[in-house]
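# fold the following for me, if possible:
(one chain, ligands or ions: 1)
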Amino acid sequence: MVPDAVDVSPALLTPARLRELEIRNRIWLAPMCQYMVEEQDGIPTDWHLVHLGARAAGGFGLIVTEATAVSPEGRISPQDTGLWNHAQTTAWRRITGFCQDQGARIAVQLAHAGRKASTWPALPRFRGRRGTVPEFAAGWRSVGPTSDPFPGLDAPDALSRADIAGVVEDFVAATRRAEEAGFDAVELHFAHGYLVHEFLSPLVNTRTDDYGGHGPGRRRLALEIAAAVREQWPAERPVIVRLSATDWIDGGWDIEQSVELARELEERGIDALHVSTGGAVIADIAVGPDYQVGFARTLREAVTMPVAAVGLITEPAGAQAVLERGDADFVALGRAALREPGWPQRAAHELGVRDGALYPGAYRRGSW
Ligand SMILES: Cc1cc2nc3c(=O)[nH]c(=O)nc-3n(C[C@H](O)[C@H](O)[C@H](O)COP(=O)(O)O)c2cc1C
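Below you'll find the model as predicted:
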């Protein structure tokens, strides 16, 4: 049953503003690695233009790129995108311009994969290879808070204090390039058991210096990156942080620690949170519809900045309900957006909005 046309914009399709950035609706494309940089040089390709561009043309408000590494050794796989040199910056420029021409905004997810770097992508063309890509096959040695490995992967090199300062510098340099590349926003990837989450989690970070141990020590790298990136990024554009709100395991990173971190991030000028979970250690995660939304709500109640919920939000009515209940200010879609680039256009139709605003002119005749 499709409702009659409505006059009042449903929450999902109401514009929002982060700093000076106007976003046409509340629907984000979740960051999703494509592992499609065949040349292994970090330069986004035609695939990335078409993948992100199709979803910009499909009506998403904010496109978040896949995890884009701030340094070669920060890639999850050799096939990841990066933002550590000029050629990558130039290639991204074409993609940001196209997405913006469709009325979308675009954020780059800046990432360092830490001890989960240099892995085989789980794609059919890699024929079931798993674990660490060896150096003879274009892999590299990974780094982490300590030399303890993630289960099934090679042991990383523990970062020295000087190395840590270098990582912060890499994030700042990538932020400078993100501006040159025309991005509207930066999203810092502090989730899913990659480098910054590895420092946050007491199950992974067993360092005894001032980047480890007690809570403030474990949060230090996250806060240093956030503050340094915020200072580098233009004042009128937002910086978003993606967090894992819990490790899903007793004694691990949890929602209380996430609340503490969120408040400190807010004090440092971070503009929005994107709330995911898990990834630092192997854990039993009860996956189901909206399974992470409760964490978004708890964080939303603890801070004043807006919050995005993600995780098995698949249907327009359900996404609208997340916003109406006040669980979150934005919803992000991952897998549903892989199968349906025009999901926001269908959402508009199902929520009774028939103004065609989310269609490029050339597609209007195909409106729902
Ligand atoms: C193919 C694929 C690649 C992903 N890559 C990333 C990534 O680069 N960065 C990230 O933060 N999350 C990544 N994720 C997680 C998604 O952003 C999202 O949080 C997750 O899929 C849950 O949302 P969904 O149920 O709408 O798919 C990826 C997920 C998928 C399916």
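
# contacts, neighbours, all on C-alpha from now
Fine.

# confirm I282 sits in a strand?
No. I282 is assigned coil when assessed by DSSP: H, G, I helix; E, B strand; the rest coil, not a strand.

# how much space between it and L203?
Per CA to CA, to the nearest Å, I282 is found 11 Å from L203.

# of the two, who's got more company?
Set I282 next to L203 and count neighbours by other CA atoms under 10 Å: L203 wins out with 16 against 13.

# per-residue pLDDT, the closest residue to the more buried one other than its chain neighbours?
What sits nearest to L203 in space, not counting adjacent residues and going by CA to CA, 6 or more residues apart in numbering, is G252, at 5.5 Å. Model confidence at G252, given as pLDDT, is 98.

# got a list of what G252 touches?
By CA atoms under 8 Å, 6 or more residues apart in numbering, the contact set of G252 is S201, P202, L203, T246.

# buried members of those residues into ChimeraX, please.
Of those, the buried ones can be selected in ChimeraX as follows, counting by 16 or more other CA atoms under 10 Å:
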select :201,202,203,246
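
# secondary structure class for D290?
Secondary structure of D290, per three-state DSSP, is coil.

# so how far is A302 from it?
The value you get for D290 to A302, if CA to CA is used, is 20 Å.

# coming back round to it: I'd like the contacts of G252 as TSV, with pLDDT and distance to the ligand appended.
TSV is the format used below for these (pLDDT from 0 to 100; distance: CA to the nearest ligand atom, whole Å):
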residue	pLDDT	distance to the ligand
S201	98	17
P202	98	20
L203	98	20
T246	98	13
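
# ok, so of the contacts of G252, who is nearest F190?
The closest of these to F190 turns out to be S201 (CA to CA; 10.9 Å).

# which residues of the stretch 201-350 of the chain fall in strands?
239-244, 272-276, 307-310, 330-333 (DSSP state E, counting those that start in this stretch).

# angle of the first one against strand 272-276?
Yep, that's strand 239-244 we're talking about. 20 degrees (axes from the mean of the first three to the mean of the last three CA atoms, to 10 degrees).

# what residues of strand 239-244 count as buried?
Across strand 239-244, burial judged by 16+ other CA under 10 Å covers V239, I240, V241, R242, L243, S244.

# what does it contact?
Outside strand 239-244, the residues touching it (CA under 8 Å, 6+ apart) are 185-192, 197, 230, 233, 258, 270-279.

# so how far is it from its chain's centroid?
Relative to the chain's own centre, strand 239-244 is displaced by 7 Å; criterion: CA atoms, centre = their mean, to the nearest Å.

# what about that strand, average pLDDT?
Here the average pLDDT along strand 239-244 is 98.

# that one close to the ligand?
No. Contact between strand 239-244 and the ligand is absent, the nearest approach being 6.8 Å (criterion: CA under 6 Å from any ligand atom).

# sheet partners, orientation included, of that strand?
strand 185-190 (parallel), strand 272-276 (parallel) (DSSP bridges).

# contacts for the first one?
Meaning strand 185-190. With CA under 8 Å, 6+ apart as the test, strand 185-190 has contacts from 64, 67, 106-112, 175, 178, 196-197, 222, 226, 237-244.

# try 7 Å this time
106-111, 196-197, 237-243 (CA atoms under 7 Å, 6 or more residues apart in numbering).
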